[in-house]
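Asker: Sequence unavailable; structure follows:
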């Protein structure tokens, strides 16, 4: 046994009961691809009354903390087993006998349902080379173990499959590489076919569910005459049905089938995943792939209430389903590879358990969401271990973009999923979204990630003053969430200062601010959240003036009046409509302020009412109000004046009035308020 970074590779033997088909094979060469393949003399074979006998095969075994993967080079270089160590399940079907079937390419005329994952090339229906010995090359490194299996090195269309098991990961990375070393183009078909039995007992149950993120499928073949195309051999994707429900039957559930069904995602694989999940056993298998390259996605099952007789392929009655992934969208399509070129992509296959069902998956994580007993039940699986606090699970209601909750995900690992439940409160599952983010705000997996309005955030309140020029600023996670990806944070030096970018595109929720200037300066802050879709909420009108939080730097005790304000409403007014002016004098410093306030009342407006602190005085003309006195820290004064416009109030001319405050740390504070008498207009009434 050789250990490399927690991934072991070793050779073992396995004994498989094998029928004596090898004695009745002859070799034929395909005239198009130059690929030799073997045909079975069915008459002679069946006339021999064959019975199986034990035969020993060599396995290459790869193993890490979560997976034990066995390869069977003698039978097409297939992945023979994937054992999910946390549950002990082999999620791939493993036929206890090797028994010839009448399936396979029509010109070859037979096939072995050996189980596992096979490589189907260069024609559909399993290809030619599923039963041939493939060469192997093993490479070990700190990144794990890679076994590359090859059908040939001859100067013809050929395939190499790199099978990689990394350390501390619960997935198997499979990279098919189709090669054309010739000087002419080749037109081929390639499919990866996984025979799956994720539940116990090396079989499938009624609650086995096909999970394809599509809304339509094309029937390839079926004996279930509730479906179009029954009893025919379609030559194109002409028989299509909505997925998963057709005429009231949910065909994603195997227990709802009668006879066999084979189907493709239409018009092609939607991606980035497809899978099979046994909801009764609570275990499944996921294929994650790039749908722009691997455009085919197919499911197949033998049926349920009236299935194909298992004696066609095995002797113990065991059943399985198939999950195919191909280079072309369907078996009716092909791919052309130019001379001296290769086609390559990487897929991730992994088992998962304990999440109730499968709804969405990436190479990083999978999520399942269901409704039971009036609650949403959400399960999260990851393909590698993470410590507590590595990410957050969010739920929200799409119609109102209202948050249903967010949860810091505890320590999680393959075989140790995370789950939460939330009351439905009358909501339907389709009205909700569930998203898992990592600590940098990147979406790891999402179910029904409807896009809401841009998220909003605010800077958390700060102490009104600090005694150092560096302090921590924190902003809040949005309560209404549409997928926060990053944050922008700005600051302003003083009320009259301009907003400046401090942090852009940050994933953090806090940072240390170091002031560019020091004693007596007040800094205002505002933040906005940006969604993964590229949109962001504006900072907002109120934020433009005051920001969302502020703090003053006071190396020595001092009064601060910078957050004092003067407002007037409404901004536009008409004759006969009152205006209200409000002045707030506020001391946010740490020393009593000796305040002198001077407020010039607006001309051409008639004072109707005044609410003033005791000690307020006016000049003989009545146009100026004054207040002088001490204002302790954290205290404020409020002045309120109500005016009525007069005929002398000009139309359309801005009226700006000013209040001046002395006694602040950096000198006088000036605040202004502007209003405008608006023109009235009447639109014509048109009756029809």
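Answerer: Thanks, I have it. Bear in mind that the values here come from a model prediction, so they are computed numbers and not experimental data.

Asker: dump the residue contacts of residue 73.
Answerer: By Cβ atoms under 8 Å, 6 or more residues apart in numbering, the contact set of residue 73 is 58, 60, 133, 134, 135, 136, 149. Backbone N, C-alpha and C define where each C-beta goes, glycine included.

Asker: Which among those count as buried?
Answerer: Burial of the contacts of residue 73 was assessed by neighbour count (16 or more other Cβ atoms under 10 Å); the buried members are 60, 134, 149.

Asker: Looking at those residues, which is nearest residue 76?
Answerer: Relative to residue 76, the closest of those is residue 134; by Cβ to Cβ it sits at 6.2 Å.

Asker: What count of nearby residues applies to residue 497?
Answerer: Burial measure for residue 497: 14 neighbouring residues, criterion other Cβ atoms under 10 Å.

Asker: Let me see the contact set for it.
Answerer: For residue 497, the contacting residues are residue 524, taking Cβ under 8 Å, 6+ apart as the criterion.

Asker: And the pLDDT for it?
Answerer: Residue 497 carries a pLDDT score of 92 in this model.

Asker: give me the low-pLDDT residue ranges for the protein?
Answerer: The chain contains residues with pLDDT under 70 at 1-5, 441, 451-455, 478-485, 532-537, 540-544, 620-621, 680-688.

Asker: mind giving me the domain ranges of it?
Answerer: If you go by automatic domain parsing, the domain ranges for the chain are 2-351, 354-447, 465-553, 565-677.

Asker: Turn those into TSV, including distance to residue 458.
Answerer: What follows is the domains of the chain, written out as TSV (distance: least, Cβ to Cβ, whole Å):
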stretch	distance to residue 458
domain 2-351	35
domain 354-447	15
domain 465-553	5
domain 565-677	19
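
Asker: closest to residue 315 among the contacts of residue 73?
Answerer: residue 58 (23.4 Å).

Asker: Does that closest one touch residue 15 like I think?
Answerer: No. Between residue 58 and residue 15 there is no contact, the gap being 11.3 Å when judged by Cβ atoms under 8 Å.

Asker: And for residue 262, the neighbour number?
Answerer: 18.

Asker: For beta bridges, what are the partners of it?
Answerer: Partner residues in beta bridges with residue 262, using DSSP bridges, are residue 221, residue 300.

Asker: what residues are up against it?
Answerer: Counting by Cβ under 8 Å, 6+ apart, residue 262 has contacts 219, 220, 221, 222, 298, 299, 300.

Asker: Also residue 179?
Answerer: Shown here is residue 179, whose contacts under the criterion Cβ under 8 Å, 6+ apart are 157, 158, 159, 160, 342.

Asker: what element comes up after the host helix or strand of it heading to the C-terminus?
Answerer: For residue 179, the host element (DSSP states H and E) is strand 172-180. Counting by DSSP H and E, the element after strand 172-180 in chain order, helix or strand, is strand 186-188.

Asker: which other helices and strands contact that following strand?
Answerer: Contact partners of strand 186-188 among helices and strands, from 3 or more Cβ pairs under 8 Å, 6 or more residues apart in numbering; DSSP states H and E: strand 335-337.

Asker: Which of the residues in the strand it packs on are classified as buried?
Answerer: By neighbour count, with 16+ other Cβ under 10 Å as the criterion, the buried positions of strand 335-337 are 335, 337.

Asker: quick revisit: buried subset of the contacts of residue 262?
Answerer: With neighbours counted using 16+ other Cβ under 10 Å, the contacts of residue 262 contain these buried positions: 219, 220, 221, 222, 298, 299, 300.

Asker: Pick out the most distant pair among the residues you listed.
Answerer: With Cβ to Cβ as the measure, no two of the buried ones among the contacts of residue 262 lie farther apart than 222 and 298, at 12.9 Å.

Asker: Identify the contacts common to the two.
Answerer: 262, 263.

Asker: From the structure, what's the count of residues near residue 350?
Answerer: Look at residue 350: counted by other Cβ under 10 Å, it has 26 neighbours.

Asker: Now do the phi/psi pair for the closest residue to it other than its chain neighbours.
Answerer: Counting by Cβ to Cβ, 6 or more residues apart in numbering, residue 350 lies nearest to residue 171, which is 3.8 Å off, once chain neighbours are set aside. Main-chain torsions, residue 171, degrees, to the nearest 10: phi -130, psi 160.
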